[in-house]
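Engineer: requesting a structural model of the entry that follows:
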Amino acid sequence: MFWGLVRWLSCKIAMLIYEFMRMTRIQLMRKMRTIMRMPLIKNLPYLFSHHSHAFAISHRSKGFSLIELVVAMAIFVTISSVLVVSQRRFGGNTLITNLAYDVALTMRQAQVYGISVRRVKAVSDPEGIAQFERSYGIHIGTAGYYILFADADNDKKYNTASNSATGCLSSPSSGLPECVSFFKIEHGNYIKQFCGGADCYYGPLASNAIDRLEVLFHRPEPEPTVKGYKSGALVSGDYGSASVMVSSPQMATKSICISATGQMSIKATCL
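Structural biologist: As a prediction, this is how the structure comes out:
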């Protein structure tokens with residue numbers, strides 16, 4: 001029904017424009033003088049009557065009044081504005097939902113790599129055993145990206161020198177290369193909040209307990225090891241659960257919840 005109304009208005013406006021294009025300059029001036037001489041309130045029913053002389057271009061040709069054109073254009077502009085705003089809001093909700101699922105799938109990938117004993121090539125081991133005994137995890141900070149990493153040096157944390165602001169580095173300035181995949185957050189979306197247990201990051205202007213979150217998985221357990229850091233120092237390494245909230249420029253939000261059992265879900269908020 002809505003799109004039928006839009007199509008009707010489009011046809012109405014096209015017909016109005018066509019009729020006015022057919023009018024000569026003299027006919028248009030006569031029409032304007034006729035309408036302007038008429039009292040608007042007293043003769044409003046007369047103005048909108050198709051039998052009135054004000055709507056007649058001549059006895060042989062009838063068209064639409066200027067008032068009809070203005071009203072139809074106003075309705076069309078109003079509906080178009082509503083459609084543009086609704087489309088923008090819908091697009092923002094879709095993008096933020098996709099981002100939330102991307103973060104959750106990256107966590108799931110870290111869990112699968114960690115418990116399925118995926119090889120870490122950066123580990124120097126002649127026998128090749130240590131290459132299969134490393135944890136995998138996800139690193140989340142405040143710089144507008146998140147990282148899937150392999151704990152190559154087995155210190156249970158991510159080597160932040162393994163990446164730049166645009167991607168992973170194969171030869172970091174210090175330590176082993178631990179960055180496996182680099183994910184830049186785009187389209188104006190951002191990480192609004194992340195928590196390890198009750199310790200959270202709320203934003204650059206808030207009083208934050210942590211400013212970096214890491215969730216690691218090590219075989220054979222599917223349960224996560226959740227660690228929080230502030231200014232590079234470990235705050236706690238035994239959080240039972242974690243959560244990450246992402247937001248769009250339109251303030252639409254989605255939360256990724258990681259339970260103590262390793263289950264992951266997308267919700268409006270993690271309780």
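
Engineer: and D199, what is it in contact with?
Structural biologist: If you count contacts by Cβ atoms under 8 Å, 6 or more residues apart in numbering, D199 has them with A209, I210, G228, V235, S236, Y239. From N, CA and C alone the C-beta is placed, and that goes for glycine too.

Engineer: if we go to 10 Å?
Structural biologist: By Cβ atoms under 10 Å, 6 or more residues apart in numbering, the contact list for D199 reads N208, A209, I210, L213, V226, G228, K230, V235, S236, Y239.

Engineer: pLDDT at it, what is it?
Structural biologist: Model confidence at D199, given as pLDDT, is 94.

Engineer: give me the next element, helix or strand, following the worst-scoring helix or strand of the chain on mean pLDDT.
Structural biologist: Lowest on mean pLDDT, DSSP states H and E among the helices and strands of the chain sits helix 44-47, with a mean of 47. Moving toward the C-terminus from helix 44-47, the next helix or strand (DSSP states H and E) is helix 66-115.

Engineer: circling back to that earlier point, farthest pair within the contacts of D199?
Structural biologist: Spanning the widest gap among the contacts of D199 are N208 and V226, at 16.2 Å by Cβ to Cβ.

Engineer: same drill for the two, tell me which one is more crowded.
Structural biologist: Taking other Cβ atoms under 10 Å, N208 and V226 do not tie; V226 has more neighbours (24 against 16).

Engineer: ok now do the closest residue to the more buried one other than its chain neighbours, which residues does it touch?
Structural biologist: Leaving out its chain neighbours, the residue that sits closest to V226 by Cβ to Cβ, 6 or more residues apart in numbering is Y239, at 3.8 Å. Y239 makes contacts with 195-199, 210, 213, 215, 224-228, 258, 260, as judged by Cβ under 10 Å, 6+ apart.

Engineer: with distance to N163, secondary structure and pLDDT added, can I get the contacts of D199 in TSV?
Structural biologist: Formatted as TSV, those follow (distance: Cβ to Cβ, whole Å; DSSP: H, G, I helix; E, B strand; the rest coil; pLDDT from 0 to 100):
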residue	distance to N163	secondary structure	pLDDT
N208	22	coil	93
A209	24	coil	93
I210	20	coil	96
L213	16	strand	96
V226	21	strand	95
G228	20	strand	95
K230	20	strand	94
V235	22	strand	94
S236	24	strand	90
Y239	23	strand	92
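
Engineer: whichever of those end up buried, select them in ChimeraX.
Structural biologist: In ChimeraX syntax, the buried subset of these is picked out as below (16 or more other Cβ atoms under 10 Å):
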select :208,209,210,213,226,228,235,239
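
Engineer: many thanks, we can stop here.
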